[in-house]
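Peer 1: Quick one, what's the 3D model for this:
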Amino acid sequence: MRRIICSLFLGAALLAPMAMNAEEHHYKRYYDRDRRDWHEWNEGENRAYHRYWEERREAHRDWARLKRRQQIEYWRWRHMHPEY
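Peer 2: This next block holds a predicted model:
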């Protein structure tokens, strides 16, 4: 009985880091209607979005607060700058 309990605890301890990593990779996805493709908002997209505002020399704005037209402008810029 003791061996079974120890095995369960060891198994749980080994699986816990994998479960935590799986949660970290759930990113939000956005659909670009002009290009008819999906974009996953991850760390790379976040860096590109900050770079977009730097190039425009404007203050960073939260994506959720942008108007639809402004979001379309960003996706157009993003497709012209795939290196980010």
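
Peer 1: show me where this structure has strands.
Peer 2: Secondary structure of the chain by DSSP state E: the strands cover 28-32, 37-41.

Peer 1: List the contacts of the closest residue to Asp37 other than its chain neighbours.
Peer 2: Spatial nearest neighbour of Asp37, chain neighbours left out: Tyr31 (7.6 Å); criterion: C-beta to C-beta, 6 or more residues apart in numbering. Placement of C-beta: from N, CA and C, glycine included. Contact partners of Tyr31, counting by C-beta atoms under 8 Å, 6 or more residues apart in numbering, are Asp37, Trp38, His39.

Peer 1: again, 10 Å this time
Peer 2: Asp37, Trp38, His39, Trp75 (C-beta atoms under 10 Å, 6 or more residues apart in numbering).

Peer 1: next one: Arg35
Peer 2: Trp75, Arg76, Arg78, His79.

Peer 1: how many neighbours does the last one have?
Peer 2: It stands for His79. 13 (other C-beta atoms under 10 Å).

Peer 1: again with the first one
Peer 2: Other residues lying near Trp75 total 17 when counted by other C-beta under 10 Å.

Peer 1: surely it meets Asp34?
Peer 2: Yes: taking contacts as C-beta atoms under 10 Å, Trp75 lies within contact range of Asp34: 6.5 Å.

Peer 1: re the thing from before, who's the residue nearest to Asp37 bridged to?
Peer 2: Trp38 (DSSP bridges).

Peer 1: Local confidence estimate at the residue nearest to Trp75 when sequence neighbours are not counted?
Peer 2: Closest residue to Trp75 apart from its sequence neighbours, by C-beta to C-beta, 6+ apart: Asp32 at 4.4 Å. Looking at Asp32, its pLDDT stands at 88.

Peer 1: Could you pull up the residues touching Asp32?
Peer 2: Trp38, His39, Gln71, Ile72, Tyr74, Trp75, Arg76, Arg78, His79.

Peer 1: Out of those residues, which one has the lowest pLDDT?
Peer 2: Lowest pLDDT among those: His39, 89.
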